[in-house]
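No letters, just coordinates:
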Ligand code: FES
């Protein structure tokens with residue numbers, strides 16, 4: 001992946017040097033805040049992004065089951081960016097024309113009214129869940145993996161990938177159905193999965209896989 005978790009730069013504007021930093025993921029944010037508090041680091045501007053590698057791999061991206069999807073998406077976007085001639089919106093002649101002919105001042109009342117948005121919760125999935133693998137039996141054990149923002153940031157997408165592969169490798173598609181779903185209201189304890197009616201928090205790949213295997217075995221033996 002191209003992005004390191006902590007990137008620093010200096011830019012000179014009107015003869016003055018400004019120190020900038022871009023921080024990806026909250027573990028790096030914690031580290032940099034500690035260094036600022038101790039006086040080891042000083043910046044004029046810091047951009048913090050909670051997701052690894054920033055919005056390119058953020059929780060707002062679609063659920064993706066392709067291997068290496070993060071690496072590929074990052075590579076594709078950086079390559080597309082290299083081919084573009086314009087990198088700053090303020091240099092875009094269409095935007096300049098739009099402001100001069102319709103919107104008025106940048107940051108003015110009309111632009112603010114028409115272009116700014118408000119925060120409201122947006123779900124990554126339409127409906128209650130998204131089916132990850134197909135199968136024939138309607139009476140399958142349901143495994144739901146939360147891909148809500150909090151669980152996503154703690155690695156639930158990797159758990160989803162792994163469980164889908166595990167079920168396929170063990171040829172369990174007609175016994176088990178894997179779904180991506182959204183928020184079991186246990187966000188601070190995630191990643192969270194649900195197997196049948198049992199919600200399991202604090203999952204990692206090993207814990208989730210063992211829980212699935214155990215549930216399948218119990219079902220097979222009608223325990
Ligand atoms: S985001 Fe997963 S339980 Fe809320």
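Ah, there it is. Note that the coordinates shown come from a computational prediction; the quantities given were computed from them, not determined experimentally.

domain parsing for this structure?
By the assignment in automatic domain parsing, the chain contains the domains 6-77, 129-220.

Phi first, then psi, for the closest residue to residue 187 other than its chain neighbours.
With sequence-adjacent residues excluded and distances taken as Cβ to Cβ, 6 or more residues apart in numbering, residue 187 is closest to residue 150, at 3.8 Å. All C-beta spots, glycine's among them, are computed from the backbone N, C-alpha and C. Dihedral pair for residue 150: phi -60, psi -50, per degrees, to the nearest 10.

low pLDDT regions in the protein?
Within the chain, the segments meeting pLDDT under 70 span 1-3, 121-128, 133-137, 223.

residue in the chain nearest to the ligand?
Of all residues in the chain, the one sitting closest to the ligand is residue 148 (2.6 Å; Cβ to the nearest ligand atom).

That residue and residue 176, how far apart?
Applying Cβ to Cβ, to the nearest Å, the value for residue 148 to residue 176 is 22 Å.

Can you verify residue 55 is assigned to a helix?
Yes. Secondary structure of residue 55 (DSSP: H, G, I helix; E, B strand; the rest coil): part of a helix.

Pull out the buried residues from stretch 203-210.
Neighbour counts over stretch 203-210 (16 or more other Cβ atoms under 10 Å) mark 203, 208, 209 as buried.

before we move on, the earlier item: where does the closest residue to the residue of the chain closest to the ligand other than its chain neighbours sit, in terms of helix or strand?
Distances taken as Cβ to Cβ, 6+ apart put residue 183 closest to residue 148, at 3.9 Å, once the chain neighbours are dropped. Taking DSSP states H and E as the definition, residue 183 sits outside all helices and strands.

Could I get the contacting residues of residue 147?
The contact partners of residue 147, taken as Cβ atoms under 8 Å, 6 or more residues apart in numbering, are 59, 63, 124, 125, 156, 157, 160, 180, 181, 182.

Run a quick check on the first one versus residue 155, I expect a contact.
If I follow you right, that is residue 59. No. Contact between residue 59 and residue 155 fails when scored by Cβ atoms under 8 Å: they sit 11.6 Å apart.

Doesn't residue 22 belong to a strand?
Yes. Residue state for residue 22 (three-state DSSP) corresponds to a strand.

hang on, isn't it packed against residue 55?
No. With contact defined as Cβ under 8 Å, residue 22 does not count as touching residue 55 (11.5 Å).

Looking at the two, which is more packed in?
When residue 22 is set against residue 55 and neighbours are counted by other Cβ atoms under 10 Å, the residue ahead is residue 22, at 18 against 13.

Bridge partners for the more buried one, pull those for me.
residue 7, residue 47 (DSSP bridges).

okay, now residue 164: neighbour count?
The burial count for residue 164: 20, using other Cβ under 10 Å.
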